[in-house]
Each structure stands twice: as structure tokens, then as C-alpha cells.
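S.K.: Sequence plus the predicted model coming up.
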Amino acid sequence: MIGRLEDITGKIFLVLAFFYLALQQIASIVTIIRLRGNVELFPLALSSRLLGLLFLCFVVCLTVVRLPPRQSAEGIEPRLSALAGTFGLMVLVVLPRGTVGQGMLIASTFLILIGTALSIYCLFWLGRSFSVMATARKLVTTGPYAIVRHPLYAAEAISAVGFLIANWSLAALLVGAVHFAFQFRRMFNEERVLRRTFPEYASYASSVPKFIPGSSFTLPSGLPLWRGAYSDARSRETIRAYPAPMG
């Protein structure tokens with residue numbers, strides 16, 4: 001009963017949070033269209049925001065229709081790690097940032113576009129199994145999940161790197177390091193739940209790499225390491241977009 005109540009409460013919170021971020025993304029899109037004459041790289045900047053909006057809307061929909069949990073990680077740490085990994089990069093929008101050249105800005109926007117598009121693709125395959133918390137709903141091993149065990153995290157890492165470049169500073173570097181630590185920790189927590197829930201997961205994990213396609217590298221099981229946003233276009237009026245939280 002407690003697990004079911006927690007899932008419903010979490011669903012309400014996440015739907016409201018992602019819906020709010022989607023509204024912020026819409027406001028950003030409206031602003032960038034209104035100032036398009038003053039915005040450098042307008043097509044790229046607009047495309048990244050539109051894809052970000054699609055990602056957020058997809059997350060809202062999947063959260064509403066997701067399957068009931070079969071098992072969830074125990075304790076407060078997996079929950080705090082999930083929230084920190086999901087929303088931590090949003091700290092960057094309030095931090096001062098260094099000067100970013102146009103070449104780096106173009107590169108960061110392309111990374112964000114690629115990462116967001118891949119994230120949407122992974123969400124499509126994950127479907128109703130999607131969850132922010134370390135929860136087992138249904139085991140997905142097809143599509144991108146036949147290439148790596150955590151393709152959504154890999155895709156979102158690409159977007160995160162792009163957003164960090166666009167907001168480059170020492171503070172951003174530190175925030176990024178903490179973010180990726182929480183993301184790796186989330187992978188560990190999720191795999192622990194999946195192994196406990198699905199007996200076939202051990203066989204799947206033995207044949208599919210964790211994070212990098214074609215890699216046999218795995219993190220030590222006990223290593224305490226810890227799932228876009230979209231580049232600001234530089235214009236005569238600074239436009240700062242909220243990073244899409246990492247699901």
C-alpha cells in the first residue's frame with residue numbers, strides 16, 4: 001500500500017513539475033521567435049527548444065500512463081539521487097557563465113539536438129516502463145536497449161555536455177561533475193532493482209554493455225557514483241532556456 005501511494009504521489013509531482021517546465025519552454029520559444037532578428041543561430045536555437053518541448057511533453061504523457069511498479073529501490077538515497085540527477089542541471093540557469101565563442105555555441109547546440117532526439121527515441125522504446133525513480137515496471141531489452149543497458153542516460157549525457165558547453169564556467173564544470181556522479185549512481189540503483197525483480201536480467205546484463213556501445217567496461221558494483229536544454233542563443237538580449245530535466 002505504501003509503495004502504491006508513493007508511486008501515485010510521485011506521479012502527481014512529476015507531472016506537475018514537467019508540465020511547468022514545458023510551459024517555461026513554450027515561453028522560451030515564444031521569446032526567441034519574437035526576437036529572431038536579434039538572435040544568432042536562430043534556426044538551431046529554435047529547433048533545440050522545439051525538440052526539448054517535445055521531450056518534456058513525452059515525459060508527461062509517459063508518466064501519466066506508466067505501468068504500476070513491481071519493485072522499487074529501498075531507502076532515501078535512491079530517491080534523492082534520482083531527483084538530483086533529474087533536476088540538478090537546472091542550477092546552471094542561475095549561475096554566471098563565461099564567454100562562449102560561436103563555434104563552441106554551434107557545437108553545443110548540435111550536441112543538444114542529437115542528445116534530445118536520441119532521448120525521445122529511447123523514450124519511445126521505453127514506453128510505459130519509464131520511471132524517474134529506481135523502479136522496476138517492465139524489462140525492456142529491444143531497440144536501443146539491445147545496444148546498451150542505459151541508452152536514455154547515454155543520450156541525455158550528450159545533451160548535458162552540450163548544455164555545459166553553452167553555459168561554460170568553473171561553476172558549470174563542478175555542477176556537471178556532480179550531475180554525472182548522480183547519474184551513474186542512478187544506474188547502479190536501477191540495476192540492483194532490476195536484478196532483484198527480473199531473473200533474466202543477469203543474462204541480459206552479461207551480453208549488453210552498460211553505457212557505451214561495444215564496450216566491456218563496467219563500473220565496480222559498489223562504486224558510489226551517481227538520468228536538455230538547450231543552448232542559449234546569444235543575442236543583444238540574453239535568452240536563457242531551462243535545461244530539460246534528465247529523466
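M.R.: Structure's in. What do you need? The shown structure was predicted, so the numbers you read here are calculated from the model rather than taken from an experiment.
S.K.: For stretch 62-81, measure first residue to last.
M.R.: Distance across stretch 62-81, first residue to last, is 21 Å (C-alpha to C-alpha, to the nearest Å).
S.K.: centre of the chain versus the helix with the most length in the chain, how much separation?
M.R.: Determined from DSSP state H, the single longest helix within the chain is helix 2-34. Centroid separation between helix 2-34 and its chain, computed with C-alpha atoms, centre = their mean, to the nearest Å, is 14 Å.
S.K.: List the buried residues of it.
M.R.: 7, 10-11, 14, 17-18, 21-22, 25, 28-29, 31-32 (16 or more other C-beta atoms under 10 Å). Where you see a C-beta, it was placed from the backbone N, CA and C, and this is true even at glycine.
S.K.: Next: stretch 72-92.
M.R.: Residues of stretch 72-92 classed as buried: 72-73, 78-79, 81-92 (neighbour count, 16+ other C-beta under 10 Å).
S.K.: so which of these comes closest to residue 160?
M.R.: residue 89 (6.1 Å; C-beta to C-beta).
S.K.: is it true that that closest one touches residue 182?
M.R.: No: the pair residue 89 / residue 182 is not scored as a contact, 10.1 Å apart, by C-beta atoms under 8 Å.
S.K.: Tell me what angle the helix or strand following the longest helix of the chain forms with helix 2-34.
M.R.: Later in the chain than helix 2-34, the nearest helix or strand by DSSP states H and E is helix 42-65. Orientation check (axes from the mean of the first three to the mean of the last three C-alpha atoms, to 10 degrees): helix 42-65 against helix 2-34 gives 160 degrees.
S.K.: Buried ones in helix 42-65, by neighbour count?
M.R.: 42, 44-49, 51-60, 62-63.
S.K.: who does that helix touch, helix- and strand-wise?
M.R.: helix 2-34, helix 102-126 (3 or more C-beta pairs under 8 Å, 6 or more residues apart in numbering; DSSP states H and E).
S.K.: now the ones you listed in CSV, with distance to residue 148 and mean pLDDT?
M.R.: Listed next are those as CSV, based on distance: least, C-beta to C-beta, whole Å; pLDDT from 0 to 100:
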stretch, distance to residue 148, mean pLDDT
helix 2-34, 24, 91
helix 102-126, 10, 94
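S.K.: Show residues contacting stretch 72-79.
M.R.: 3, 6-7, 133-136, 186, 189-190, 192-193 (C-beta atoms under 8 Å, 6 or more residues apart in numbering).
S.K.: these two touch, right, residue 84 and residue 182?
M.R.: Yes: between residue 84 and residue 182 there is a contact at 4.5 Å, judged by C-beta under 8 Å.
S.K.: Low-confidence regions, this protein specifically.
M.R.: 1-2, 215-242 (pLDDT under 70).
S.K.: Specify the residue positioned farthest from the middle of it.
M.R.: Relative to the centre of the chain, the most outlying C-alpha is that of residue 37, 30.9 Å out, by C-alpha atoms, centre = their mean.
S.K.: returning to that earlier point: return the subset of the contacts of stretch 72-79 lying in helices.
M.R.: Those of the contacts of stretch 72-79 mapping onto helices are 3, 6-7, 186, 189-190, 192-193, per DSSP H.
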